[in-house]
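A.B. asks: I'd like to go over a predicted model; first the sequence, then the structure.
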Amino acid sequence: FLPLVSTTWHSNDDDVYRAPPIDRSILPTAPRAAREPNIDRSRLPKSPPYTAFLGNLPYDVTEESIKDFFRGLNISAVRLPREPTNPERLKGFGYAEFEDIDSLFQALSLNEESLGNRRIRVDVADQAQDKGERPAG
């Protein structure tokens with residue numbers, strides 16, 4: 001008769017082997033909230049301006065509602081282009097400029113979040129296009 005080999009997984013001390021309970025407070029509550037945004041940091045500008053392109057904006061959006069959307073971030077300017085033929089009407093996109101790279105990075109994590117009744121697009125603004133000049137080289 002062979003003695004039973006004691007293997008750890010037969011142990012009665014099952015507290016040790018139970019996975020720790022999941023801390024629900026660290027799980028994302030909104031679709032992408034509080035998670036590292038899936039952004040290639042190499043796409044971020046190396047120097048100011050740190051500008052985000054905002055697409056699919058509701059036509060009744062205001063600079064204040066944009067600032068509120070990005071509350072907590074260091075936002076320095078909001079530009080909302082208007083239709084030349086109808087200055088009352090926004091074009092449905094705009095730009096938000098941030099004081100630091102981290103604010104821009106955080107802003108990008110809000111891509112596809114809702115503002116008003118729209119899921120807005122937040123992306124890195126094309127620097128050259130934004131300034132109306134072509135990059136050298």
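C.D. replies: Yes, it's here. Numbers count the residues shown, from 1 in each chain.
A.B. asks: okay, and for the protein, where does confidence drop off?
C.D. replies: 1-38, 127-137 (pLDDT under 70).
A.B. asks: how about the strands in it?
C.D. replies: Remark: strands assigned in the chain by DSSP state E are 50-55, 75-79, 94-98, 114-115, 118-119, 121-124.
A.B. asks: Output the third one as PDB, nothing but the C-alphas.
C.D. replies: The reference is to strand 94-98. Provided in PDB are the C-alpha atoms of strand 94-98 (Å, rounded to 0.1, in the frame of the first residue of the first chain):
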ATOM      1  CA  GLY A  94     -13.900  71.700 -34.100                       C
ATOM      2  CA  TYR A  95     -10.600  71.800 -32.300                       C
ATOM      3  CA  ALA A  96      -9.600  71.800 -28.600                       C
ATOM      4  CA  GLU A  97      -6.200  72.900 -27.600                       C
ATOM      5  CA  PHE A  98      -4.600  71.600 -24.400                       C
END
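A.B. asks: Quick check: buried residues in that strand?
C.D. replies: Neighbour-count burial for strand 94-98, counted by 16 or more other C-beta atoms under 10 Å, picks out 94, 95, 96, 97, 98. Quick note: C-beta positions are derived from backbone N, CA and C, even for glycine.
A.B. asks: Isn't the fourth one up against residue 75?
C.D. replies: Yes. Residue 97 is in contact with residue 75 according to C-beta atoms under 8 Å; the separation is 7.1 Å.
A.B. asks: I'd say residue 56 and residue 119 touch.
C.D. replies: Yes. Between residue 56 and residue 119 there is a contact under C-beta under 8 Å: 6.7 Å.
A.B. asks: Excluding residues flanking it in the chain, which one is nearest residue 69?
C.D. replies: Sequence neighbours aside, residue 115 is the residue nearest to residue 69 in space, at 5.1 Å (criterion: C-beta to C-beta, 6 or more residues apart in numbering).
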